[in-house]
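> 3D, please:
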Amino acid sequence: MQEGFNISVDEIPHEFVSILHKWKEDWNTFASDVLGVTLDVQQVEILTAIQHGRRISVRSGTARGKDFVAAVAAVCFLYLTPEFDLEKEQFHSTKVVLTAPTGRQIRNIMIPEISKLFNRAKFLPGRMLTTGIRMPDFPEWFLDGFKAQDENVEAWSGLHAPNVMVVVTEASGISQTTMDSIEGVLQGNSRLLIIFNPNRTIGEAYQSTKSPLYTKFKLNCMNAPNVINKIRENNGEITAEEFKELEIPGQVDFEWVDDKFRKPGWVTPIAETDVDPGKFDLKWDGKWFRPGNLFRVKVLGEFPEEGDDLLIPLSWIELSNEKWKAITESGAFDFSNNPKKLGVDVAGMGRDNSCFVHRHANYIHKVELIQNALKKETIHMEVAGRVKNELEKPGTFAFIDTIGEGAGVQSRLAEQGVTNAISVKFSQGAKGLRDLTGEREFANMRAYLYWALRDALNPAHDNTLALPPDDMLTEELADIHWEVQSNGKILIEPKDDIKQRIGRSPDIADGLVNTFYPERFIHQAASEVTDADEAGFF
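Got it, this is the predicted structure:
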């Protein structure tokens, strides 16, 4: 690649400096005014999120523009975050690093994208090299690209600066060792952007789609402007000339997607009566299809189907979130005819918040985290008071986890004569309880409740549960595993295993499943309840 050189810092045009504040306020304006690019709607949202957030995850189908918007974001960060006063010789530098599992991804994809943007802008300071952008007058201000290597973790140690951005492309192939090294430089005004095709259901890329630390995006080829607008042209909604004006060169097109519906192994034709939204079944050219894993990854930007031991697929949670948004935006939900079930998980040692999950029929109205006092007795009084206030509403029941601190809350409510606060013990036996098919039995109440939640989220069943898009809840629900014991009963893995993976107790999930406590157990005498110790997992 030929080295390019624009201008030095002291030659920056006055008009650049005079409107720099406007570009700092809106990176999309800088991308349009200076870089001369046109972003689609989702790319605009991604660039805005990168401007204002710290960690952004973008999973994508093929040729959907993820590398392009990453290059735009990298150039925006490089030029819009440094702060310098030449007279006072003060300078807050900016360092941008692009990395990938292979050198080819950096040399042949990312750096060429950066070079096009740099050369199109004309008056950006610096020198375009084969590895990135350098500022001759400011050696600590640069954009650099290099292959990620686990054995060279020291390469990350010298990248500290007031402003740091790391762009990880093809992040599914990056090891945790490298990601841990990257974590060490994410200080000050920092950004981590990871972009990837969702090939694997392990690693930081996969975890980012569930983690509350990340702002998450999915680029689906079926929603690409070139595909949507071609469909509009085919339907006569726009003319061929209008389509050409709307076309985005280089992005995935209609013909490529159409071809995948005809390639063996990519999709399977199905009858409309067999359509299952949880499997991403979709209609194309008047016919219904079920995507295989190739289509899921390359076209839809979805992960391959998860292992059989995963309790709740991420795709089910996302469908449930969409249903919640539709119900909430319509404002038509009838609360008066759907009394509340309140799931309560009380804070224990080392936790700051208790959790209330407000459920009305199959609509989870909200998840509420309650800041607790420091003393155990005060926590019991505070939570018991809040629960009692909720229970004054006609038809409301509270379901309290009484293993641990919840027992104190339950006792206080019982002392006050409250009868509609129900004790839930995960170790309680589940004799006689079965799943929706009537075939599965459960080792204990915890297994039954979590499976009841699974049944409620399964898109194959009618009237599925509507969950609010809560990152913490998603992280907890999407990482739970199960097994079948030798006696044929279902067992959910121990809570400690989940805590070890996500770094905290799945308290919101526990509060949610409490609301599935079976009605026929509510008034059962305590003497009739048989406890069952939780067995080990695997």
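
> where along the stretch 201-350 of the chain do the helices fall?
Taking DSSP state H, counting those that start in this stretch as the criterion, the stretch 201-350 of the chain contains helices spanning 203-208, 225-234, 240-246, 254-260, 293-295, 314-330.

> buried stuff in the last one?
Translated: helix 314-330. Using 16 or more other CB atoms under 10 Å as the test for burial, helix 314-330 gives L314, S315, W316, I317, E318, L319, S320, N321, K323, W324, T328. C-betas here are computed from N, CA, C, even on glycine.

> equivalent analysis for the fourth one, please.
Judged by neighbour count (16+ other CB under 10 Å), helix 254-260 contains these buried residues: F254, W256, V257, K260.

> wait, is F146 part of a helix?
No. According to DSSP: H, G, I helix; E, B strand; the rest coil, F146 belongs to no helix; its state is strand.

> center of the chain - which residue?
Nearest to the mean C-alpha position of the chain, by CA atoms, centre = their mean, lies T209 at 3.3 Å.

> residues near the closest residue to that residue other than its chain neighbours, how many?
Spatial nearest neighbour of T209, chain neighbours left out: K216 (5.7 Å); criterion: CB to CB, 6 or more residues apart in numbering. Close neighbours of K216, defined as other CB atoms under 10 Å, add up to 19.

> kindly state the pLDDT recorded for K216?
Looking at K216, its pLDDT reads 96.

> i'd like the first residue to be 50 from this point on
With the count now opening at 50, the last piece we talked about shows up as K265.

> that one contacts S106, correct?
Yes. Counting by CB atoms under 8 Å, K265 touches S106, with 4.9 Å between them.

> which residues are in contact with each of these two?
Shared contacts of K265 and S106 (CB atoms under 8 Å, 6 or more residues apart in numbering): S257, T258.

> what sits against H407?
Residues in contact with H407 (CB under 8 Å, 6+ apart) are K389, L391, I413, H414, K415, V416, E417.

> dihedrals phi and psi, S460?
Dihedral angles of S460 (phi, psi; degrees, to the nearest 10) stand at phi -60, psi -40.

> could you check how far it is from I105?
46 Å (CB to CB, to the nearest Å).

> ok, those two, which is more surrounded?
When neighbours are counted by other CB under 10 Å, S460 and I105 differ, and I105 comes out ahead with 24 against 14.

> please verify my assumption that that one contacts R240.
Yes. Counting by CB under 8 Å, R240 is a contact partner of I105 at 7.4 Å.

> please enumerate the shared neighbours of the two.
Jointly contacting I105 and R240 under the rule CB under 8 Å, 6+ apart are I99.

> still on that earlier bit, okay if I get the buried residues of helix 363-379 as TSV plus distance to M159 and pLDDT?
Shown next, in TSV, are the buried residues of helix 363-379 (distance: CB to CB, whole Å; pLDDT from 0 to 100):
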residue	distance to M159	pLDDT
L363	28	89
S364	29	88
W365	34	92
I366	32	92
E367	29	90
L368	33	91
S369	36	94
N370	32	93
K372	38	93
W373	37	95
T377	39	95
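
> can I get those residues in JSON lines with distance to N563?
Output for these, formatted as JSON lines (distance: CB to CB, whole Å):
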{"residue": "L363", "distance to N563": "23"}
{"residue": "S364", "distance to N563": "25"}
{"residue": "W365", "distance to N563": "20"}
{"residue": "I366", "distance to N563": "18"}
{"residue": "E367", "distance to N563": "23"}
{"residue": "L368", "distance to N563": "23"}
{"residue": "S369", "distance to N563": "18"}
{"residue": "N370", "distance to N563": "21"}
{"residue": "K372", "distance to N563": "21"}
{"residue": "W373", "distance to N563": "19"}
{"residue": "T377", "distance to N563": "22"}
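
> contacts only, for the closest residue to E439 other than its chain neighbours.
Nearest residue to E439, sequence neighbours excluded (CB to CB, 6+ apart): L391, at 5.4 Å. Counting by CB under 8 Å, 6+ apart, L391 touches F405, V406, H407, R408, V436, E439, L440, T445, F446, A447, F448, T564.

> re earlier: what is the nearest of the contacts of H407 to P543?
P543 lies nearest to V416 out of the contacts of H407, by CB to CB, at 23.4 Å.

> all helices for the stretch 100-249 of the chain, in order.
Applying DSSP H, counting those that start in this stretch to the stretch 100-249 of the chain gives helices spanning 115-129, 152-153, 160-170, 225-232.

> ok, which of those helices comes nearest L343?
Of those, nearest to L343 by CB to CB is helix 115-129, at 18.2 Å.

> what's next to that closest one, contact-wise?
By CB under 8 Å, 6+ apart, helix 115-129 touches 69, 72-73, 76, 79-80, 84, 86, 88, 92, 95-96, 99-100, 107, 109, 143, 145, 147, 158-159, 162-163, 166-167, 173, 182, 190, 192, 212, 214, 216, 218, 240, 242, 244-245, 268, 299.

> start to end distance for stretch 267-277?
This stretch, stretch 267-277, spans 16 Å end to end (CA to CA, to the nearest Å).

> same check on stretch 466-483?
Start-to-end, stretch 466-483 (CA to CA) is 32 Å.

> distance from that stretch to the middle of the chain?
Chain-centre distance of stretch 466-483: 33 Å, with CA atoms, centre = their mean, to the nearest Å.

> and stretch 179-197, by the same measure?
The chain centroid and the centroid of stretch 179-197 are separated by 31 Å, computed with CA atoms, centre = their mean.
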